[in-house]
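Chemist: my questions concern the predicted model and sequence given below.
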Amino acid sequence: MLLKARTLLALLVLAPFFASAQPWRPAAGIASTHELKIGESTLQVDFANGSMDLAPDQVLKHIREAAEAIAAYYGRFPVARARLLVVPTQGGRREAIGGTTWGDVDGVAGFTRLRIAEHATQADLDDDWVTTHELDHMAFPDLPEENHWMEEGLASYVEPIARVMTGNLQAQKIWADMVRGMPQGEPGTGDQGLDHTHTWGRTYWGGALFCLVADVEIHRQTKNRKGLRDALRAIVAEGGTIDHNWPLPRALEIGDKATGTHVLTDMYAKWKDAPVEVDLPKLWEELGVRAADHGVEFDSKAPLAKVREAITKSSY
């Protein structure tokens, strides 16, 4: 009982510190608040006090473009109400834009804190992928810690595809990025599967590799009628958004039902506890993606060229 009393006293003493440390309540206060309508959803954008070279309208336009890309991929913005807190950061521009996203904050389904360097430029906004990546986190349930690779890998995979769908990126660029980056997601020495190997490469690129292979296989099995996008839209439709805690198998089962396959559950059973290597050179060849001096070239006669094209199209 004495221990409990001391613990309670400590919590009462430290409560103001924890409250002020909450990222959605900046100590500097709020300078301005804006609302963006994305379809039927409302995004509240708050700017914390602080110096920033970029004008609020520039940042708001960038956030709108990121949100519209997510809405294009999922058919709608995944949550009815979201909040973004833009926090100017001082110092150098080593990281012009950074972000973190949480679910179910103060009654808002999705909350993103976006840190923008005070001397960030329009060019930094044009090159930014973080905003779209963070907003994509709102389109999947909060998972147990061992499944963090799925949360980060999914956002890493969907972000560039969504931006191609809205004309923000070219397809050649994202396939070139995948050819360069996906090998970092392959298992290394001592790997014990995605649920047990929490390195940076396996978490981000390994998760993205899982999504790529699943997307291609769903398209292959359904004769290009469905893809990973259909599975993810179904998960969102069933309430699988960041403000809900789900076990990963529940989400994957919903996705498989939507595509009429068992791709996601079968792959997870194989990949979660064991290192699964992907023959990437063979996959690129089948998709018709060839390395070139300027990035990649496409082979329209490759066996899975139509699958590659469908992955970034707004409709199959």
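Modeler: Happy to help now that I have it. Numbers count the residues shown, from 1 in each chain.

Chemist: strands of the stretch 201-316 of the chain, start to end?
Modeler: For the stretch 201-316 of the chain, the strands defined by DSSP state E, counting those that start in this stretch occupy 289-292, 295-298.

Chemist: got the ones you listed as a markdown table, with mean pLDDT and mean neighbour count columns?
Modeler: C-betas here are computed from N, CA, C, even on glycine. Formatted as a markdown table, the strands of the stretch 201-316 of the chain follow (pLDDT from 0 to 100; neighbours: other Cβ atoms under 10 Å):
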| stretch | mean pLDDT | mean neighbour count |
| --- | --- | --- |
| strand 289-292 | 92 | 16 |
| strand 295-298 | 94 | 17 |
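
Chemist: now do the SS call for the residue lying closest to Val236 once chain neighbours are set aside.
Modeler: Spatial nearest neighbour of Val236, chain neighbours left out: Pro78 (4.9 Å); criterion: Cβ to Cβ, 6 or more residues apart in numbering. Secondary structure, DSSP: H, G, I helix; E, B strand; the rest coil: Pro78 is coil.

Chemist: and Pro78, what does it touch?
Modeler: Contacts for Pro78 (Cβ atoms under 8 Å, 6 or more residues apart in numbering) come out as Ile70, Gly110, Met138, Ala139, Val236, Thr241, Ile242.

Chemist: show me the domain layout of the protein.
Modeler: With domains defined by automatic domain parsing, the chain comprises 23-139, 145-311.

Chemist: which of the ones you listed comes out lowest on mean pLDDT?
Modeler: Of all these, domain 23-139 carries the lowest average pLDDT, namely a mean of 93.

Chemist: isn't there a strand covering Ala176?
Modeler: No - counting by three-state DSSP, Ala176 is not found in a strand; it is helix.

Chemist: quick one: the residue nearest to Ala48 when sequence neighbours are not counted and Arg81, what's the gap?
Modeler: Nearest residue to Ala48, sequence neighbours excluded (Cβ to Cβ, 6+ apart): Pro26, at 4.2 Å. Counting by Cβ to Cβ, to the nearest Å, the gap from Pro26 to Arg81 is 20 Å.

Chemist: what about the closest residue to Pro88 other than its chain neighbours, how many neighbours?
Modeler: The shortest distance from Pro88 to any non-neighbouring residue, by Cβ to Cβ, 6+ apart, is to Gly50 (3.3 Å). By other Cβ atoms under 10 Å, the residues close to Gly50 number 16.

Chemist: now swap in Met165 and tell me
Modeler: 22.

Chemist: which phi and psi does it have?
Modeler: Dihedral pair for Met165: phi -60, psi -30, per degrees, to the nearest 10.

Chemist: circling back: list the contacts of the residue nearest to Pro88.
Modeler: Ala28, Ala31, Val87, Pro88, Thr89, Gln90, Glu118.

Chemist: just flag the most distant two among those.
Modeler: Using Cβ to Cβ, these span at most 15.3 Å, a distance reached by Ala31 and Gln90.

Chemist: so between those two, which is more surrounded?
Modeler: Higher neighbour count among Ala31 and Gln90: Ala31, with 15 against 10, using other Cβ under 10 Å.

Chemist: please identify the helix or strand for that one.
Modeler: According to DSSP states H and E, Ala31 maps onto strand 30-38.

Chemist: report the angle between the next helix or strand after that strand and strand 30-38.
Modeler: Note on strand 30-38: by DSSP H and E, the next helix or strand toward the C-terminus is strand 41-48. Calculated by axes from the mean of the first three to the mean of the last three Cα atoms, to 10 degrees, strand 41-48 forms an angle of 160 degrees with strand 30-38.

Chemist: list the buried residues for strand 41-48?
Modeler: Judged by neighbour count using 16 or more other Cβ atoms under 10 Å, the buried positions of strand 41-48 are Ser41, Thr42, Leu43, Val45, Asp46, Phe47, Ala48.

Chemist: which of these lies closest to Met150?
Modeler: Using Cβ to Cβ, the buried residues of strand 41-48 come closest to Met150 at Ser41, 23.5 Å.

Chemist: mind checking how far that closest one is from Phe77?
Modeler: Counting by Cβ to Cβ, the separation of Ser41 from Phe77 is 4 Å.

Chemist: neighbouring strands - and their directions - for the strand holding Ala31?
Modeler: The strands beside strand 30-38 in its sheet (DSSP bridges) come out as strand 41-48 (antiparallel).

Chemist: residues in contact with the partner strand?
Modeler: In contact with strand 41-48 (Cβ under 8 Å, 6+ apart) are residues 26, 28-37, 56, 59-60, 63, 67, 71, 76-77, 79-88, 108.

Chemist: do stretch 281-299 as well
Modeler: 172-173, 175-176, 178-179, 213, 216, 300-305, 307-308.

Chemist: take the buried residues of strand 41-48 and write them to a markdown table, including distance to Thr259.
Modeler: Putting these into a markdown table (distance: Cβ to Cβ, whole Å) gives the following:
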| residue | distance to Thr259 |
| --- | --- |
| Ser41 | 25 |
| Thr42 | 31 |
| Leu43 | 29 |
| Val45 | 35 |
| Asp46 | 38 |
| Phe47 | 41 |
| Ala48 | 42 |
